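> Could you look at this predicted model? Sequence included:
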Amino acid sequence: MRIGRTLSTLVALAMLAGLPAVAQSENNRVAAETDWAVFEGAEPKECWAVTAPKETVNTRDGRVVSVRRGDILLFVTYRPEQSIAGEVSFTGGYPFAEGSTATLEVGGSTFELFTEGEYAWPATPAEDQKIVTAIKRGSDASITARSSRGTQTKDTFSLLGATAMIEEAEKRCSG
């Protein structure tokens, strides 16, 4: 895992914990298209494209169960001051099982996301770029993970508007 990635990602995602409230007030939402939106923050400058799932299925022992989860969001983030461009991350709305990974599927490609607390991301910037490319080409993405309580989750995200919003976030935070 990249050195410093954990801290910078957790700080940024902690700032986004109130995203639905922020999205409603639209204080820092700068663009939206179909199922994705772009938000911009300052000090340090950062821009992120984000979407929420269209479908969520939670199972335990093979049966669908009702569980309470926090915000479930898929991000692509740009932070020019930290030379972060196109960092993919996911928050599942619950603590992941310790030592577990999440599986991201996009357009026939499968990617492993490493988990820590309630957040998951790929291991390297090269993997981020492969995922961003797949997202731009795909129509939907799904992430399967396991909670610390043993619940299996599968969240499915629409990728409609993803390309435009990822490019908008990149443009707003380039240089």
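Good, I have the coordinates.
> And the helices in the protein?
5-15, 19-25, 125-137, 162-172 (DSSP state H).
> and for the longest one, what are the contacting residues?
Counting contacts by Cβ atoms under 8 Å, 6 or more residues apart in numbering, the residues outside helix 125-137 that touch it are 2, 76, 85-88, 104, 106-107, 109, 111, 121-122, 141, 159, 162-163, 166. (Each C-beta comes from the backbone N, C-alpha and C, glycine too.)
> Can you pull the poorly scored residue ranges out of this protein?
Scanning the chain with the threshold set as pLDDT under 70 gives 1-27, 175.
> Give me the most central residue, it.
Leu74 (2.3 Å; Cα atoms, centre = their mean).
> Give me the distance between that residue and Pro95.
18 Å (Cβ to Cβ, to the nearest Å).
> what are the ranges of the strands in the protein?
Applying DSSP state E to the chain gives strands spanning 29-33, 36-41, 46-51, 55-60, 63-64, 73-79, 84-91, 101-106, 109-116, 119-121, 140-146, 152-158.
> so what strands line up beside the first one?
Just to be clear, that refers to strand 29-33. strand 36-41 (antiparallel) (DSSP bridges).
> ok, now the third one?
Using DSSP bridges, strand 46-51 pairs in its sheet with strand 36-41 (antiparallel), strand 73-79 (antiparallel).
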